[in-house]
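Peer 1: The following comprises the amino acid sequence and a computationally predicted model.
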Amino acid sequence: MTELSRIYTDECLRGDGGLATAVARAELPPAFEEAWRPHLLPRPWFVPASETAAFARDLEGLFGLLLSLPERLFDGDVERYAAAIGLEPALVALLRRAGSGVPAKLGRADAYHDGTAFKLLEFNLGSEVGGLDMDVFDQALLRVPEFAAFAREHGLGHVDIAARTAAVLRDRARPALSGSSEPVIGLIEGRGGVGPYGRLMRATQEAMAEQGLDLRIGEIGDVRARADGKLTLDGTPLDLVLRNFAASQLLDDPEGPAVAEPFFRAHEAGRTVLFTSLESGLYSHKSALALLSDPRSAGAFDAGERALVDRVLPWSRALRASGPGEPVQPSELVELVELCRERRERLILKPGAGYGGLDTFVGWECTDAEWSKALDLAVERGGYVAQERVVPRPEPVYDPATGTVEDWIAALGFFLTDDGYAGAHARVNRADGGAIVGMSSNPDTRMAGVFTYA
């Protein structure tokens, strides 16, 4: 555990400082309260500032390496690159629609700390990643006197994700402004998406309002295009669409691509900015990370770049019949599967385009028979990645309801924008609560803000 976690837990156990109930007493704005109060951990997560800064620098370097993969490994042929990581042609065509060739650096990298350093689990690129409002947790805690005193004593710091994001949105919207000095932004979901995700969207809307931004919520089918090409929502012109829908949602909807076409045309004409464009999806697929880890790619990177990949990324391999620049021979795929079969207790199988731990197979939680079946299924379905297990460092958490201390583990989400590191949040499970730390697949997952310290 970190030293600060021990100090915080000891103060909670003494019961005389008010820290134990600080989260419960924090006054949260109404939309954030509705969305997140039942899911909050009783304390924040603490991370050394030096480790956060170093990992953020590595993530920026890794982002550059991901974007360079088509050029380095496929002679600049994006279609060949996309085929190698398992993307279907129809999806690739949609991802490239209205793209510039250089995706915006907006996304969230999920990582475990293994006790020595952060290790990257996946790199989620694009505006649909979620979590842009979580710094509200930090701000609310700092208004609780006992926690504020603890923060001053230990020099705690945090980066406001919403503030960093708002600055980027203002900058991106500027070319399409309708005349006002501040943009009107549409936070737009796919058709039928506001129902299940509306409370989370309202929390984002609330956080952006705090930054002075006018954010309107809607679905892709609610948006109209004026004669001049500018998009409107309920009659209000939109300067920027903050995309909360994914390309896969559009393809799953028979009318999805057609409904999205006005967004692409408005973006290309400079009337309403689509942020981010769908092309981010070309590089957030987990098989792209596997290309970086594949030894056959090593010659495309210099010593410093290879060191970066080795430092940040666990061993990762795509269970596919294609690789960096050339088809994989059947015997090579068989050998890889057999290696994975032997290393069951050290591997996890993830769908390349999955999220939240859904459809994931955890080797160390499977029997040999279950793991063998999972590997066969992964090869049959395609698009799966085998990744080396990262054992996250446990940290103590005091439960004010029971007065007990338990070990918890965290998947930290590090946010990046074009301006660099933009803050972090934590998804947290009990250490004995299973391998997947994600609210989509584990209802016991909790959320927490992240504070850094010297």
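Peer 2: Cool, the structure landed.
Peer 1: How confident was the prediction at D75?
Peer 2: We note a pLDDT of 95 for D75 in this prediction.
Peer 1: So what's the residue count around it?
Peer 2: 10 (other CB atoms under 10 Å). C-betas here are computed from N, CA, C, even on glycine.
Peer 1: which stretches of this protein have low pLDDT?
Peer 2: 321-329, 355-357 (pLDDT under 70).
Peer 1: In it, which residue is most central in space?
Peer 2: R108 (3.4 Å; CA atoms, centre = their mean).
Peer 1: following the longest helix anywhere in the chain, which helix or strand shows up next?
Peer 2: The residue-count maximum for a helix in the chain (DSSP state H) belongs to helix 49-74. Sequence-wise, the next helix or strand downstream of helix 49-74 (DSSP states H and E) is helix 78-84.
Peer 1: L94 contacts L278, doesn't it?
Peer 2: Yes - using CB atoms under 8 Å, L94 is in contact with L278, at 6.2 Å.
Peer 1: These two: which is more packed in?
Peer 2: For L94 versus L278, neighbours defined as other CB under 10 Å are more numerous around L278 (25 against 22).
Peer 1: so what's in contact with L94 and L278 at the same time?
Peer 2: A247 (CB atoms under 8 Å, 6 or more residues apart in numbering).
Peer 1: count of residues packed around the nearest residue to E305 once chain neighbours are set aside?
Peer 2: Distances taken as CB to CB, 6 or more residues apart in numbering place L65 nearest to E305, at 6.2 Å, with adjacent residues excluded. L65 has 23 neighbours, counted by other CB under 10 Å.
Peer 1: list the contacts for L65?
Peer 2: Counted by CB under 8 Å, 6+ apart, L65 has contacts 292, 301, 305, 308-309.
Peer 1: now D222
Peer 2: Contacts of D222 (CB under 8 Å, 6+ apart): 188, 233-234.
Peer 1: Give the closest residue to L282 in space, chain neighbours not counted.
Peer 2: L95 is the one closest to L282 (CB to CB, 6+ apart), at 5.3 Å.
Peer 1: in the stretch 101-250 of the chain, which spans are strands?
Peer 2: Assigned by DSSP state E, counting those that start in this stretch, the stretch 101-250 of the chain shows strands spanning 107-113, 118-125, 184-189, 214-219, 223-225, 231-233, 236-237, 240-243.
Peer 1: Tell me what L242 is bridged to.
Peer 2: L187, F275 (DSSP bridges).
Peer 1: same check, this time on P48
Peer 2: Going by DSSP bridges, P48 is paired in beta bridges with Y453.
Peer 1: neighbours of it, just the number please.
Peer 2: Number of residues near P48 (other CB under 10 Å) recorded here: 15.
Peer 1: roughly how far apart are it and E88?
Peer 2: 43 Å (CB to CB, to the nearest Å).
Peer 1: same deal with P38?
Peer 2: For P38, the distance to E88 - CB to CB - is 38 Å.
Peer 1: quick one, which of the two is more surrounded?
Peer 2: Between P38 and E88, counting by other CB under 10 Å, E88 is the more crowded of the two (13 against 8).
Peer 1: Would you check that K350 makes contact with Q387?
Peer 2: Yes - counting by CB under 8 Å, K350 touches Q387, with 6.2 Å between them.
Peer 1: Under a three-state scheme, what state does P314 occupy?
Peer 2: coil (DSSP: H, G, I helix; E, B strand; the rest coil).
Peer 1: ok, now which ones touch it?
Peer 2: Counting by CB under 8 Å, 6+ apart, P314 touches 119-121, 293, 387-390.
Peer 1: Next up, the contacts around the closest residue to it other than its chain neighbours.
Peer 2: Among residues not flanking P314 along the chain, E388 sits closest, at 3.9 Å (CB to CB, 6+ apart). With contact set as CB under 8 Å, 6+ apart, E388 has these partners: 314-316, 346-347.
Peer 1: Narrow those residues to those that are buried.
Peer 2: Neighbour counting over the contacts of E388 (16 or more other CB atoms under 10 Å) leaves 314, 316, 346-347 as the buried ones.
Peer 1: from those, which is closest to A207?
Peer 2: Ranked by distance to A207 (CB to CB), the buried ones among the contacts of E388 are led by P314 at 32.4 Å.
Peer 1: Number of residues surrounding D368?
Peer 2: D368: 11 neighbours (other CB under 10 Å).
Peer 1: residues in contact with it?
Peer 2: Counted by CB under 8 Å, 6+ apart, D368 has contacts R344.
Peer 1: again, only using 10 Å
Peer 2: D368 makes contact with 341, 344-345 under the criterion CB atoms under 10 Å, 6 or more residues apart in numbering.
Peer 1: and the longest strand anywhere in the chain, which residues are buried?
Peer 2: Secondary structure of the chain per DSSP state E: the longest strand is strand 404-417. For strand 404-417, the buried set under the neighbour-count rule, 16+ other CB under 10 Å, comprises 408-417.
Peer 1: what about the residue lying farthest from the centre of the chain, which SS state?
Peer 2: Distance from the C-alpha centroid of the chain, by CA atoms, centre = their mean, peaks at D16 (37.6 Å). Of the three states, D16 takes coil according to three-state DSSP.
Peer 1: and it, what are its phi and psi?
Peer 2: Reported as degrees, to the nearest 10, the phi and psi values for D16 are phi -120, psi 10.
Peer 1: OK, contacts around it?
Peer 2: Contacts of D16 (CB under 10 Å, 6+ apart): E146.
Peer 1: if we can go back for a sec, out of the strands of the stretch 101-250 of the chain, which gets nearest to G382?
Peer 2: Per CB to CB, nearest to G382 of the strands of the stretch 101-250 of the chain: strand 118-125, 18.0 Å.
Peer 1: The contacts of D368, buried ones only, as a PyMOL selection?
Peer 2: Buried residues among these (16+ other CB under 10 Å), as a PyMOL selection:
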select buried, resi 341+344
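Peer 1: Restricted to helices, list the contacts of D368.
Peer 2: R341.
Peer 1: Export the contacts of D368 as a markdown table, with columns for distance to L377.
Peer 2: Below are the contacts of D368 laid out as a markdown table (distance: CB to CB, whole Å):
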| residue | distance to L377 |
| --- | --- |
| R341 | 13 |
| R344 | 14 |
| E345 | 19 |
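Peer 1: For the nearest residue to D444 once chain neighbours are set aside, grab the count of nearby residues.
Peer 2: Counting by CB to CB, 6+ apart, D444 lies nearest to G433, which is 5.5 Å off, once chain neighbours are set aside. By other CB under 10 Å, 15 other residues sit near G433.
Peer 1: do G403 as well
Peer 2: Per other CB under 10 Å, the neighbour tally for G403 reads 11.
Peer 1: ok, now which ones touch it?
Peer 2: 12-13, 15, 20.
Peer 1: same thing with G126?
Peer 2: 103-104, 106-108, 243-244, 246-247, 275-281, 283-284.
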